[in-house]
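[1] dropping the sequence and predicted coords here.
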Amino acid sequence: MNRSDIIMKMAMIVNRFLGSVCGKCLVGMVLLLVTMMPGISSHQVVLRSDLVLVPVSVYDRRGRFVSGLRAEDFILYDDGRRRPIVFFSAETEAEHLSRPLALILLLDASHSIAAILHEQQSAVASLLSALGDRTMVSIVSFHQRPEVLLDFTVDKDEALRTFLRRRRIGGNTAIFDALCFAIKRLSALPDADLRRIVVIISDGLDTASETDYRACARAAQREGIAVYSVWIPLYSPSGGRLKARRPTKGFIEVAEETGGKFFRVGTVEEALNPRAVVDLRPVFQAVIDDLRHQYYLGFYPPGDAHPGFHRVRVTVKRKGVRVDARRRGYLVR
């Protein structure tokens, strides 16, 4: 374990436990005496518990990840004011996920989506293989209520069997109730160093939720959970042709506001062709690539930060690149 790995692990622990329990700008210190660890140079790392970590991805004009950036290449703004970057780590391993991951596959149980998911054996097998041995996977199905089909496990064969198993088909669909349920399950996991994500696959039409999507987004932001929304649209006739039924407001936004991504899958032609097979492999590969290519920037909020949500923005001192800050802000209680 190198110096950057050690600092990252301690930062995650501080952020998750001390920061979430102690609330607004706790100034207690955590001391990591790395001199006790073999192979690490003698120094002392001091981490404050109010450190805010911002995952960032940087892409060139062709959409390729930009590697080799340093802390001085980034500029970070907190509510429009520039803040010094006090922590930096490049998590850019190309072959394997460098940190353990907990993933919930949140699956819409409506008839159209269930039929598509049952055809995804190859896609899901590729996803589970790429996640690595340390990744914990849970599978939750939902219609009006969420149902845990598989608790967290590292057994990828069991996860694949569960994913492909025929499920009960529901009527009303409560997307945001199910999403908040998944976020709570991820939040309850004890390992502070876990990256936590939800991949929700749905037609995006919420007909029964009692929970507003903003509550899900706030809960995910507090715990550093990223939501990846996968939209397989339904189509309705309009003006003599078929048009996709837009997802309920929040289905796209919750991905954008939690540092995840939104994907649209399928076309009108595929929807009209009974022999066409929707392929989720490109989406799953995009999620894996996204997890493999991130920088982490850390900063401290001002001591007088007011309670509420604070907006974070990141830029890069390089032309011709696009910056994707995966955390839009942070919450002060």
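    Perfect, I can see it now.
[2] any idea how far the residue nearest the centre of the chain is from Val323?
    What sits nearest the mean C-alpha location of the chain, by Cα atoms, centre = their mean, is Ala226, with 2.0 Å. The spacing between Ala226 and Val323, counted by Cβ to Cβ, to the nearest Å, is 17 Å. From N, CA and C alone the C-beta is placed, and that goes for glycine too.
[3] again, but for Val277
    Note on Val277: its distance to Val323, by Cβ to Cβ, is 36 Å.
[4] between these two, which is the more surrounded one?
    The residue with more neighbours, out of Val277 and Val323, is Val323; 17 against 9, by other Cβ atoms under 10 Å.
[5] quick check: the more buried one is in a strand.
    Yes. Secondary structure of Val323, determined by DSSP: H, G, I helix; E, B strand; the rest coil: located in a strand.
[6] specify the beta-bridge partners of it.
    Val58 (DSSP bridges).
[7] and it, how far from Arg313?
    From Val323 across to Arg313, the span is 9 Å (Cβ to Cβ).
[8] got it, and Arg83?
    Using Cβ to Cβ, we find Arg83 at a distance of 10 Å from Arg313.
[9] what's the overlap in contacts for those two?
    Residues touching both Arg83 and Arg313 (Cβ atoms under 8 Å, 6 or more residues apart in numbering): 76-77.
[10] show me how the protein divides into domains.
    Domains of the chain are assigned by automatic domain parsing as 3-90+295-332, 101-291.
[11] lowest mean pLDDT across those, which one is that?
    With a mean of 73, domain 3-90+295-332 has the lowest mean pLDDT of the domains of the chain.
[12] and Val332, bridged to which residues?
    Val332 has these beta-bridge partners by DSSP bridges: Gly308.
[13] are we agreed that Leu297 is in a helix?
    No. Using three-state DSSP, the assignment for Leu297 is strand, not a helix.
[14] neighbours of it, how many?
    Per other Cβ under 10 Å, the neighbour tally for Leu297 reads 23.
[15] isn't it right next to Phe88, touching?
    Yes. With contact defined as Cβ atoms under 8 Å, Leu297 and Phe88 form a contacting pair (6.1 Å).
[16] what's the overlap in contacts for the two?
    Residues touching both Leu297 and Phe88 by Cβ under 8 Å, 6+ apart: 71, 74.
[17] and the strands in the stretch 201-333 of the chain?
    With DSSP state E, counting those that start in this stretch as the criterion, the stretch 201-333 of the chain has strands at 225-231, 235-238, 241-244, 262-264, 294-299, 308-316, 321-325, 329-332.
[18] and the gap between Ile197 and Ile85?
    Distance of Ile197 to Ile85, given as Cβ to Cβ: 24 Å.
[19] again with Val254
    Distance of Val254 to Ile85, given as Cβ to Cβ: 27 Å.
[20] of those two, give the one with the bigger neighbour count.
    Each of Val254 and Ile85 has its neighbours counted (other Cβ under 10 Å); Val254 has more, 26 against 17.
[21] quick check: phi and psi at the residue of the chain positioned farthest from its centre.
    Distance from the C-alpha centroid of the chain peaks at Gly240, with 38.7 Å (Cα atoms, centre = their mean). Gly240 adopts backbone torsions of phi 80, psi 10, taken as degrees, to the nearest 10.
[22] use 10 as the first number from now on
    Happy to do that; since the first residue is 10 now, the last one works out to Gly249.
[23] please identify the most buried of the domains of the chain.
    domain 110-300 (a mean of 18; mean count of other Cβ atoms under 10 Å).
[24] make a markdown table out of the strands of the stretch 210-342 of the chain and add distance to Ser211.
    Formatted as a markdown table, the strands of the stretch 210-342 of the chain follow (distance: least, Cβ to Cβ, whole Å):
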| stretch | distance to Ser211 |
| --- | --- |
| strand 234-240 | 7 |
| strand 244-247 | 15 |
| strand 250-253 | 13 |
| strand 271-273 | 11 |
| strand 303-308 | 25 |
| strand 317-325 | 26 |
| strand 330-334 | 23 |
| strand 338-341 | 26 |
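[25] what's the closest of these to Ala118?
    Checking these against Ala118 by Cβ to Cβ gives strand 234-240 as the closest, at 14.8 Å.
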